[in-house]
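1. Test case, fold it:
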Amino acid sequence: MTLALFGLFFLLFAGNDNDVEWNGVSHVPFLDRRPLCPIGGEAFGVLFQVYRFDITSARVYVDDGVSPQWVDAYFSHDRGPYAVWRADLPASAASTLRYYIELTDGADSDYYSDAGMSDEPPLDGGFLIDFATLAHAPLGATPTSDGGTVFKVWAPTPTQAQVRGEFNGWTNANPMTRVGEYFVAHVPSARPRQQYKYFFQPGAIWKSDPRSRSLNPGNNYNSRIENPFGHVWTSPDFAAPPFDEMILYELHVGTFAGRNDPVASGAIPATYRDVAVHADHLAELGINVVELMPMAEFPGDFSAGYNPVTVWSPESKYGTPNDLKYLVDTLHQHGIAVIPDIVWNHVSPTDNFLWYYDGTQIYFDNPYVDTPWGAQADFDRPEVRAFYVDSILSWLDEFRFDGARMDATAFMDLPAQAAAGWSLMQAFNDWIDRRWVDKVAIAEQLPNDAWVTRPTSLGGAGFDSQWHDAFTDNLRQEILDAAFGDPEMWKIANMVNGSGPYLNGTYVTNYLELHDELWPSSGGQRIVKTIDPTFPHDDLWARGRVKLAYGLVMFAPGIPIIHQGSEWLEDTDFGGGNPSGANRIDWSKKLTYAPIFRYFRDIIAVRKTNGGLRASAPVQVSHLNESGNVIAFHRWDLAGNDLVVVANFSNGDYSGYQLGFPQPGRWYELINSQATRYGGNGLGNGFVDTTSGPYDGFAQSTFLTIPQMGLLVLRYNDPPPPPPPCPADLDADGVVGLGDLSILLSHYGTASGASPEDGDLDADGDVDLADLSVMLARFGSICP
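-> Next up is the predicted model:
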């Protein structure tokens, strides 16, 4: 469900209308109790969420067998489109109690329990708290209010289990109690960051915790206890952009930072905090969603991330869980959402500690379902399904991610367990739509399949968007064909028009190249190198064609995404890195190729500030010149934002080229990919007036200049604002750099009569230390 659709739904239905909206109600016990695992009869809070403004009151019924009572709930805080309520249940001397939630909207009262929503109170009393056995404990290691930790693990086969760790000298001092198919133990001495493992008998089996929030691969994957509330968030009110306005940036933590990098630590691989220090760069570029390539724990220190040993623990070489939260928090402070790339279709073929976990094959079929990359878990088994579904709930809640991209969804419903894999994807999306309808779910579905983005209510998998494979294939092929002068422009027209129902607008995520296209291991490389392997940045054709292609990514309908380094046409291919620092993007190129960065910054800004360029805004291909290799399409919105995008795939410039326009009057050039400020030949228009007659199905037309390999964006009757001044750019090259510093130093000491061109940046007539300070503060910046 897109935010636009949700907004309409919210306005129409989620008000005080004597009708509780069931779709917005959720209470996830392992996330929504405070403390997370109540012990010893202590008082605890029950959190639950509903759509904002939907209910008029709420209360929780608690029955401990001694003094059943109603406890009034109160509004706690808003979280996006939801209101979070809380009820504080009193301490009890009983060994067990049950509770359920009553929600009231005027004359309508409904109930929420472990069975879900109902019109009547649940007959079994609802959620169970068992202070004697701690059966209600979350799976994994959960810090408790007494300073200790409760451990719980699913292990149906062993007869005995112990939790051994730094807190007990790795001895058998803490046996666990069997509760059904689970083992539970409360260890008062176990503290956050201490390491531990489970020990099962018979067989003397040592195992990591499948749900540990942190692993130590250097010590045979010992698990660590983590305090999920250890990070103090500084961006509590952050709201991700609507799907229609998203502009994504694919980022690999390990290779993003550190090469010719003035601000990062230089660690190899790079860390979560190294990424965080570049938040200003990402904000300057203008993207508003970072898609982190898989950062669940993987074997070794270097990987693209598609070989996870877990879906619960962040990669430890990049930092601690709190370091990852710091990264998310920092990007949120800069207005940037963050989504992880998650891998559910297989588990790493090495270091797979889930294999024969408790002495039997409880996480996998036997024989196991295989994929090209490793074994696939048993998606039919309820506990395994919960292992996966609960993990995404945890990432979205505890780490405050803003959605997720699921890897290789075509391999989630393999023939051996097709129904189970499909229903698991549906459960993934249903939970997100219930609890986080404002968070985005994207599928890597190759080839495209409309059923993947069709709603689950219609039998689809329910993803909000899928990588637009057809867009990429056509764009790449025709950009390369343009070198020989014979691109098939009808394919570009089809690409712009989308691929049909549930494969257009926000349902698709458009790209030219992402990790697979850039990865030699997958047969790829940067397209700028494909066009010119020798001097890709200095080649007119490589620069021109790649700028043209990225312009179409940005201005065609759909959600655009670019890969790290594309903003300066990085020519280093993608890879997982190695100890020598391979595959890292080169930060010096941001200044060396400043015109390219300026182009990316400007096309992103134009995309963000024009409603007619939103992902779902209408499109009409109005001009298709197959022999001349030119296409034009009209984009608009209902607020009067009217734009025409023109793309010239040919190797020659056009002057006096006739083109129809949808409205009479003046059209202003917002983007010209071949403008001198973007390193182009400077041919363009500034503006055009529709002084000629009907053409392209419109009542008016004009003649304009279209540069070779050029992309133009023209807006109706609304000129672009002039760029702000860049006073420290003394040599007018668009970058505050060594040339400007040299000019200032050559005039340094001028006592009177100095001009801004001489370096008098504070306009006091002198070139002195104050001016040098201004210059150094702006040094390395790229002018608007």
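2. okay, now the domains of this structure?
-> Following automatic domain parsing, the chain resolves into domains at 3-130, 140-224, 618-716, 724-784.
3. Show me the longest strand that occurs in the protein.
-> strand 96-105 (DSSP state E).
4. could I get that one in PDB with only the CA atoms?
-> Provided in PDB are the C-alpha atoms of strand 96-105 (Å, rounded to 0.1, in the frame of the first residue of the first chain):
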ATOM      1  CA  THR A  96       0.600 -16.500  36.100                       C
ATOM      2  CA  LEU A  97      -1.700 -13.900  34.700                       C
ATOM      3  CA  ARG A  98      -3.400 -13.200  31.400                       C
ATOM      4  CA  TYR A  99      -4.400  -9.900  29.700                       C
ATOM      5  CA  TYR A 100      -6.200  -8.600  26.600                       C
ATOM      6  CA  ILE A 101      -6.800  -5.200  25.100                       C
ATOM      7  CA  GLU A 102     -10.200  -3.400  24.700                       C
ATOM      8  CA  LEU A 103     -10.300  -0.700  22.000                       C
ATOM      9  CA  THR A 104     -13.200   1.800  21.800                       C
ATOM     10  CA  ASP A 105     -14.300   4.200  19.100                       C
END
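5. so what secondary structure elements neighbour that strand?
-> strand 44-51, strand 57-63, strand 82-89, strand 108-113, strand 127-130 (3 or more CB pairs under 8 Å, 6 or more residues apart in numbering; DSSP states H and E). (Each C-beta comes from the backbone N, C-alpha and C, glycine too.)
6. Reformat those strands as TSV; add mean neighbour count, mean pLDDT and distance to residue 443.
-> Output for the helices and strands packed on strand 96-105, formatted as TSV (neighbours: other CB atoms under 10 Å; pLDDT from 0 to 100; distance: least, CB to CB, whole Å):
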stretch	mean neighbour count	mean pLDDT	distance to residue 443
strand 44-51	21	99	26
strand 57-63	20	99	35
strand 82-89	19	98	24
strand 108-113	19	98	30
strand 127-130	19	99	33
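7. Let me know which of the domains of the chain is the nearest to residue 475.
-> domain 618-716 (10.4 Å; CB to CB).
8. Contact partners for residue 416?
-> 365, 369 (CB atoms under 8 Å, 6 or more residues apart in numbering).
9. try it again with 6 Å
-> The contact partners of residue 416, by CB atoms under 6 Å, 6 or more residues apart in numbering, come to residue 369.
10. helix/strand/coil for it?
-> With DSSP: H, G, I helix; E, B strand; the rest coil as the basis, residue 416 sits in helix.
11. Could you number the chain from 10 rather than 1 from now on?
-> From this message on, residue numbering opens at 10, which makes the last subject residue 425.
12. ok, now how distant is it from residue 84?
-> Applying CB to CB, to the nearest Å, the value for residue 425 to residue 84 is 48 Å.
13. And residue 518, by the same measure?
-> When residue 518 is compared with residue 84 (using CB to CB), they lie 36 Å apart.
14. neighbour-wise, which of these two wins?
-> Ranked by neighbour count (other CB atoms under 10 Å), residue 518 and residue 84 place residue 518 first, with 28 against 13.
15. Check for me that the more buried one belongs to a strand.
-> Yes: according to three-state DSSP, residue 518 belongs to a strand.
16. hang on, it packs against residue 566?
-> No: assessed by CB atoms under 6 Å, residue 518 is found out of contact with residue 566, at 11.4 Å.
17. do you know how far the residue lying closest to residue 42 once chain neighbours are set aside is from residue 283?
-> Leaving out its chain neighbours, the residue that sits closest to residue 42 by CB to CB, 6 or more residues apart in numbering is residue 53, at 5.6 Å. Counting by CB to CB, the gap from residue 53 to residue 283 is 39 Å.
18. The residue lying closest to residue 565 once chain neighbours are set aside: how many residues sit nearby?
-> Excluding the flanking residues, the one nearest residue 565 by CB to CB, 6+ apart is residue 505, at 4.9 Å. Burial of residue 505 is recorded as 24 neighbouring residues (other CB under 10 Å).
19. Doesn't residue 505 lie inside a helix?
-> Yes: Residue 505 sits within a helix when classified using three-state DSSP.
20. OK, contacts around it?
-> Taking CB under 6 Å, 6+ apart, one finds 565, 630, 642 in contact with residue 505.
21. which ones are touching residue 520?
-> Counting by CB under 6 Å, 6+ apart, the residues that residue 520 touches are 481, 570.
22. Next one, pLDDT for it please.
-> For residue 520, the pLDDT comes out at 99.
23. Now do it against residue 157, distance only.
-> From residue 520 over to residue 157 (counting by CB to CB), the distance is 48 Å.
24. just for this protein, where's the confidence low?
-> 10-23 (pLDDT under 70).
25. Closest to the centroid, which residue in it?
-> residue 348 (2.3 Å; CA atoms, centre = their mean).
26. Just say helix, strand or coil for that one.
-> Strictly by three-state DSSP, residue 348 counts as strand.
27. cool, residue 404 as well?
-> Reduced to three states with three-state DSSP, the structure at residue 404 is helix.
28. what's the closest of the domains of the chain to residue 464?
-> Of all these, it is domain 12-139 that lies closest to residue 464, at 10.0 Å by CB to CB.
29. Please report the distance of residue 672 from residue 625.
-> For residue 672, the distance to residue 625 - CB to CB - is 22 Å.
30. Please apply the same query to residue 689.
-> Distance from residue 689 to residue 625, by CB to CB: 31 Å.
31. ok, now residue 217?
-> Distance from residue 217 to residue 625, by CB to CB: 44 Å.
32. Tell me which of those two has more neighbours.
-> Using other CB under 10 Å as the criterion, residue 217 and residue 625 rank with residue 217 on top: 26 against 18.
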